[in-house]
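Visitor: Sequence first, then the predicted structure, then my questions.
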Amino acid sequence: MQIETTTTALDVLKTVYGYDAFRGPQAGIVDHVIAGNNAFVLMPTGGGKSLCYQIPAIVRPGMGLVVSPLLALMADQVAALRQAGVRAAALNSDLPADERRALWRDIHAGRLDLLYVAPETLLRNEVLEQLGRARLSLIAIDEAHCLSQWGHDFRPSYRQLDTLVRQFPDTPRMALTATADAPTRAEIQSHLDIAEADAFIAGFDRPNIRYAIEEKDNPRAQLKGFLKRHEGESGIVYCLSKRKTEETAAFLRVEGYDALAYHAGMDKAAREENQLRFQHGEAVVMVATIAFGMGIDKPDVRFVAHVDLPSSIEAYYQETGRAGRDGLPSDTLMLYGAEDIALRTRFTEESDAPEQRKRVERQKLDALLGLAETAGCRRQVLLSYFGDHCEPCGNCDTCAEPPELFDGTIAAQKALSCIYRTGERFGQAYTIDVLIGATNERILQFGHDQISTFGIGTEYDKRAWRAILRQLIALRLVAVDLAGHGGLSIAPLGRTFLREKPTLMLRVPSPPRARREKAGRT
Ligand code: ADP
Ligand code: ZN
């Protein structure tokens with residue numbers, strides 16, 4: 001479109017898109033880029049990232065160059081923009097020669113507002129050479145997480161986009177993505193040389209979703225208690241394995257729920273049928289692996305439960321985010337236990353992934369456990385993971401009922417010395433048996449009934465000790481043997497703790513039965 005020099009971003013928003021106001025951080029981003037600055041934009045899917053580069057490209061003189069990984073996506077965007085009167089085009093490798101020549105003629109004559117291109121096409125010498133003679137208003141790199149070597153969507157050609165930084169150093173650059181944890185984000189910003197001051201992260205809060213996380217005690221009873229609050233509503237129960245989805249769905253059917261299973265091992269027809277029934281049903285409980293999710297378009301999913309630990313905070317956010325698209329109050333519950341942590345740890349350690357990848361996986365697990373074990377507002381922890389923030393929300397379990405803390409200094413000292421005295425090689429169950437003075441064959445065999453820490457922890461039961469040890473692991477005072485046997489040892493922070501003996505506040509390992517009764521107000 002031919003625009004007046006006085007046209008503002010808001011005019012474009014109204015006339016081209018027909019919207020009255022910018023949403024969330026859009027206005028700030030658009031102004032920032034129109035002024036000629038770079039921007040890193042991290043916003044959830046559906047947050048409205050496209051406008052953030054399209055409007056500056058329209059307002060600024062020259063043509064906006066948009067790098068996008070998917071041809072189909074580009075075609076949709078171009079069609080919609082043209083419909084609205086914006087001069088947009090896509091440069092594909094399969095464009096006939098004459099059309100391609102015409103496109104370059106338009107570009108060099110300044111008759112294009114936006115050019116979409118896939119990275120593989122863009123990086124060809126003749127394309128870069130032609131672009132060198134065009135006037136660019138900005139360069140936007142969509143789905144920028146594809147350049148992260150440690151992300152799941154790594155595309156080698158994305159990695160070479162730093163060529164653009166060198167070739168067009170004075171053109172504003174934008175990197176946009178919906179998925180980036182702190183390391184990925186740092187990688188994107190450093191690779192494309194986008195400063196911290198140019199980062200915009202917002203829109204992650206889903207205020208209508210209630211968050212709750214409980215230790216696994218009796219998972220079926222916990223799930224039943226949760227579902228009881230949602231009679232007559234539809235929702236999703238995520239499980240880790242195919243078998244568990246089948247078993248859990250069968251169990252829930254016996255309990256009277258219209259529960260369906262969904263996993264990648266089912267044949268396509270059965271999967272599609274269950275998805276349709278969920279989509280159109282009134283009170284359907286979909287018991288699924290993470291295979292279920294893509295393309296769910298049900299606005300009134302009222303609850304999401306995780307009966308196993310999700311793979312990361314991003315996954316947790318994305319999966320819980322399938323609840324409450326209609327903006328109405330929605331409820332979530334995640335259950336986690338020591339077995340989940342051990343299993344996840346084993347997955348990571350036994351995989352063939354390079355060490356750096358494993359380190360990222362460990363960090364992700366730690367972050368997730370930090371969310372699970374926090375004494376503060378869950379939403380704050382969740383949003384801070386994405387670099388976003390909020391006040392204590394009043395709509396999560398820890399806000400509603402702040403977890404009780406106790407002075408765990410002595411308990412931690414006892415646990416650490418017991419781990420030390422038994423040689424830093426036994427697992428959690430064994431360590432706890434020694435702490436509470438249980439005499440089993442192994443303990444007698446190793447003579448651990450004779451050591452000073454035998455039976456020094458009788459003030460807590462096994463369950464309480466498990467919760468205490470898990471917190472010590474999450475706080476990194478205790479390390480778990482990563483070779484897979486689960487042996488506990490004292491981590492560097494644990495040694496510091498033993499030396500300096502600072503006060504250590506821990507969450508009271510509350511009996512979940514009591515918590516369930518309180519939560520079960522129906
Ligand atoms: P993302 O790329 O972040 O996933 P999109 O740019 O596709 O999100 O936008 C998601 C939807 O929100 C689109 O339908 C878009 O038209 C709409 N949208 C974006 N910004 C606004 C706004 N300021 N007002 C109303 N709707 C908007
Ligand atoms: Zn909260």
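Guide: Ah, there it is. This is a predicted model, so every value here is computed, not measured. Residues are numbered from 1 along each chain as shown. Ligands and ions are numbered 1, 2, ... in the order given.
Visitor: Alongside ligand 1, which residues does the chain contribute?
Guide: With Cβ under 6 Å from any ligand atom as the criterion, the chain meets ligand 1 at residues 19, 22, 23, 26, 43, 45, 46, 47, 48, 49, 50, 51. For the C-beta atoms, the positions are set from N, CA and C on the backbone; glycine is no exception.
Visitor: got a list of what the third one touches?
Guide: Applying Cβ atoms under 8 Å, 6 or more residues apart in numbering to residue 23 gives the contacts 47, 48, 203.
Visitor: any idea how far ligand 2 is from it?
Guide: Distance, residue 23 to ligand 2, by Cβ to the ion, to the nearest Å: 23 Å.
Visitor: Same check on the second one?
Guide: Note on residue 22: its distance to ligand 2, by Cβ to the ion, is 27 Å.
Visitor: Tell me who's in contact with the residue nearest to that residue when sequence neighbours are not counted.
Guide: Leaving out its chain neighbours, the residue that sits closest to residue 22 by Cβ to Cβ, 6 or more residues apart in numbering is residue 13, at 6.5 Å. Residue 13 makes contact with 19, 20, 21, 22, 51, 55 under the criterion Cβ under 8 Å, 6+ apart.
Visitor: What is the neighbour count of the last one?
Guide: Number of residues near residue 55 (other Cβ atoms under 10 Å) recorded here: 28.
Visitor: Quick check, central residue of this protein?
Guide: residue 314 (0.6 Å; Cα atoms, centre = their mean).
Visitor: thinking again about what came up before, report the secondary structure state of the residue nearest to residue 22.
Guide: At residue 13 the chain is in helix, as set by DSSP: H, G, I helix; E, B strand; the rest coil.
Visitor: tell me the helices in the stretch 351-500 of the chain, going along the chain?
Guide: 355-373, 378-385, 397-400, 409-421, 428-436, 441-446, 462-474, 492-500 (DSSP state H, counting those that start in this stretch).
Visitor: Establish whether the shortest one and ligand 2 are in contact.
Guide: Yes. Counting by Cβ under 5 Å from the ion, contacts between helix 397-400 and ligand 2 involve residue 399.
Visitor: in the stretch 151-300 of the chain, which spans are helices?
Guide: Counting by DSSP H, counting those that start in this stretch, the helices of the stretch 151-300 of the chain are 156-159, 162-167, 182-191, 219-228, 242-254, 268-280.
Visitor: re the thing from before, quick one: which of the contacts of residue 13 has the most company?
Guide: Counting by other Cβ under 10 Å, top hit in those: residue 55 with 28 neighbours.
Visitor: So what touches whichever strand or helix holds it?
Guide: Residue 55 belongs to helix 49-59 when assigned by DSSP states H and E. Applying Cβ under 8 Å, 6+ apart, the contact partners of helix 49-59 are 1, 3, 7-9, 12-13, 16-17, 22, 26, 29-30, 33-34, 39, 41, 43, 63-64, 66, 77, 81, 86, 113-114, 137-138, 140, 142, 172, 174, 176, 178.
Visitor: Dump the C-alpha coordinates for it into CSV.
Guide: Listed next in CSV are the C-alpha coordinates belonging to helix 49-59 (Å, rounded to 0.1, in the frame of the first residue of the first chain):
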residue,chain,number,x,y,z
LYS,A,49,3.6,-11.5,16.9
SER,A,50,2.9,-10.9,13.2
LEU,A,51,1.7,-7.4,13.6
CYS,A,52,4.9,-6.6,15.5
TYR,A,53,7.0,-6.8,12.3
GLN,A,54,4.3,-6.2,9.7
ILE,A,55,3.3,-2.8,10.9
PRO,A,56,6.8,-1.4,11.2
ALA,A,57,7.6,-2.8,7.7
ILE,A,58,4.6,-0.9,6.4
VAL,A,59,5.3,2.3,8.2
